[in-house]
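[1] following is a predicted model, sequence given first.
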Amino acid sequence: MSIPILFENDQVLVINKPAGLVVHSDGKTNEPTLVDWILKNYPQIEGVGEDMLIEHKGQKIRIKRPGIVHRIDRDTSGCLVIAKTQDSFNHLKQQFKDRKVKKTYLAIVYGNIKEEKGTIDQPIARHPKDFRQWVAGNRGRGTAREAVTDYRVLGRYTHPTNRDKQGQPEYFTLVECSPQTGRTHQIRVHLKYLNHPIVADPIYRGKRKETLDLDRTALHAAAITFIDLAGNQISVQAEIPEDLNRAIGSLSALESDL
């Protein structure tokens, strides 16, 4: 398993997680995980962080998460921070809790987002029927948790051949998202709330068929900024991956794009 390292010092490691790689086990399958890579390449991190307890078939299972301060979804590529020491883990965990870590994502979404930028301030809760999904607004099951996402349009596009019944082209938008909170599926759920779900999202895109030949959700963790133990600001970027670049390249840019 080859994973690009974007930044490393004696406290922290920032990797460019490939799409399709799950961060840690769910206790149900034996597929390769990022944790496997960490334990093989950085065995000294094994005792860093906090394990997670889950219940499966009536039994409690302890899931190892060495150095894992935050997660990104299996399909999402890009920046992920791993603590190399317990002090660094505690320091980073507090920053995430205090919302001082700046995260920037890129997404290709269905449709033409009209506003150039905006903020989606809608709480997120479990979907009332589908256990895989989360839902924004006050339509969920259980307690809804605060969720805020800033967004900015980077480009608008049309599909070169796809047309609707009225002969209008199928639109797509490249959007930059900066979540202020860290809820499960937050960006995916908030963009669906705008009626602009992410391209190829297997859970939230609904009946939209066009995937731009992607076999994963078109979401990339492009940048992250945090403070290390010495008080230094660390900013790391992950270039947009080839599959998303290829998807964008297959579209026709609208002339109004800047």
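    Nice, thanks for sending it over.
[2] report pLDDT for residue 60.
    At residue 60, the model reports a pLDDT of 69.
[3] so which residues of the stretch 101-250 of the chain form helices?
    Taking DSSP state H, counting those that start in this stretch as the criterion, the stretch 101-250 of the chain carries its helices at 186-193, 242-249.
[4] so which of the ones you listed is the most packed in?
    helix 186-193 (a mean of 24; mean count of other CB atoms under 10 Å). Every residue, glycine included, has its C-beta placed from N, CA and C.
[5] for residue 39, give me phi and psi.
    Comment: the main-chain dihedrals of residue 39 come out as phi -70, psi -30, following degrees, to the nearest 10.
[6] quick one: contacts for it?
    45-46, 64, 66 (CB atoms under 8 Å, 6 or more residues apart in numbering).
[7] hang on, isn't residue 77 packed against residue 16?
    Yes - proximity of residue 77 to residue 16 meets the contact threshold set by CB atoms under 8 Å, at 7.1 Å.
[8] turn the helices of the stretch 101-250 of the chain into CSV, columns for distance to residue 229 and mean pLDDT.
    Listed next are the helices of the stretch 101-250 of the chain as CSV, based on distance: least, CB to CB, whole Å; pLDDT from 0 to 100:
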stretch, distance to residue 229, mean pLDDT
helix 186-193, 27, 97
helix 242-249, 33, 98
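[9] tell me which of these sits nearest to residue 157.
    Distances from residue 157 to each of the helices of the stretch 101-250 of the chain were compared by CB to CB, and the smallest falls on helix 242-249, at 7.2 Å.
[10] who's more crowded, residue 77 and residue 16?
    A side-by-side neighbour count of residue 77 and residue 16, using other CB atoms under 10 Å, places residue 77 first with 26 against 20.
[11] can you tell me the closest non-neighbouring residue to that one?
    The spatially closest residue to residue 77, leaving aside those adjacent along the chain, is residue 19, at 4.2 Å (CB to CB, 6 or more residues apart in numbering).
[12] burial of the one you found, as a residue count?
    Applying other CB under 10 Å, we find 21 residues neighbouring residue 19.
[13] residues in contact with it?
    74-77, 216, 241, 243.
[14] so how far is residue 96 from it?
    As judged by CB to CB, to the nearest Å, residue 19 and residue 96 stand 22 Å apart.
[15] ok, now residue 16?
    19 Å.
[16] remind me which residues of the stretch 51-200 of the chain are low pLDDT?
    Low-confidence regions of the stretch 51-200 of the chain, defined here as pLDDT under 70, cover residues 54-60, 131.
[17] how about the strands in it?
    For the stretch 51-200 of the chain, the strands defined by DSSP state E, counting those that start in this stretch cover 52-56, 59-63, 77-83, 102-110, 117-121, 124-126, 134-136, 141-145, 148-163, 169-179.
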